[in-house]
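Colleague: sequence first, then the predicted structure:
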Amino acid sequence: HVQLVESGGGSVQAGGSLRLSCAASGYTYSAGCMVWFRQAPGKGREGVASITAGGGSPAYADSVKGRFTISQNHYKNVLEMNNLRPEDAGMYFCAMRSGGCLPTMIPTEYNYWGQGTQVTVS
């Protein structure tokens, strides 16, 4: 039974930084793909960054390249967010699929989800 629990959201001013964490349990850590999605009010979920459960092949949405860094260490996933912009605000979700990472981050491809953590940028 896979469980994902996010933490680390909060409020920052534009240009600031936040560090989101996702604690995972109930799976074989070398298998699967971990992704961060975000959702702004009134919008769909957008894939932000992905990485294999073994910590390889990080990939990013164009909108966050050079500002966000995803990492995976055993059962903990971390999203470092720097130079935050107001358009980065939203609910951030950690998600996982049991297969490998895909070229595109589509929410319906992910089996397991955390409850989300709020990021506010003013």
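Modeller: Yes, it's here.

Colleague: contacting residues for the residue nearest to Ser98 when sequence neighbours are not counted?
Modeller: Of all residues not flanking Ser98 in the chain, Gly32 sits nearest, at 5.1 Å (C-beta to C-beta, 6 or more residues apart in numbering). All C-beta spots, glycine's among them, are computed from the backbone N, C-alpha and C. By C-beta atoms under 8 Å, 6 or more residues apart in numbering, the residues touching Gly32 are 52-53, 96-100.

Colleague: of those residues, which one scores lowest on pLDDT?
Modeller: Scanning those for pLDDT, the low point is Gly99. It has 83.

Colleague: how far away is that one from Cys33?
Modeller: Gly99 sits 7 Å away from Cys33, going by C-beta to C-beta, to the nearest Å.

Colleague: higher neighbour count, these two?
Modeller: Counted by other C-beta atoms under 10 Å, Gly99 and Cys33 do not tie: Cys33 has more neighbours, with 23 against 11.

Colleague: per-residue pLDDT, the more buried one?
Modeller: 92.

Colleague: ok, Gln115 next?
Modeller: 96.

Colleague: so what pLDDT did Ser11 get?
Modeller: pLDDT at Ser11 comes out at 97.

Colleague: now for it: which residues touch it?
Modeller: Taking C-beta under 8 Å, 6+ apart, we find Ser11 in contact with 120-122.

Colleague: for Ser71, see how far away it is.
Modeller: Counting by C-beta to C-beta, the gap from Ser11 to Ser71 is 23 Å.

Colleague: and the residue nearest to Asn83 when sequence neighbours are not counted, backbone torsions?
Modeller: Sequence neighbours aside, Arg67 is the residue nearest to Asn83 in space, at 4.8 Å (criterion: C-beta to C-beta, 6+ apart). Main-chain torsions, Arg67, degrees, to the nearest 10: phi -120, psi -30.

Colleague: quick one: Arg67 and Glu87 touch, right?
Modeller: No - under the criterion of C-beta atoms under 8 Å, Arg67 is not in contact with Glu87, lying 11.4 Å apart.

Colleague: give me the more crowded residue out of the two.
Modeller: Arg67 (15 against 10).

Colleague: contacts only, for the more buried one.
Modeller: Arg67 neighbours (C-beta under 8 Å, 6+ apart): 81-84.
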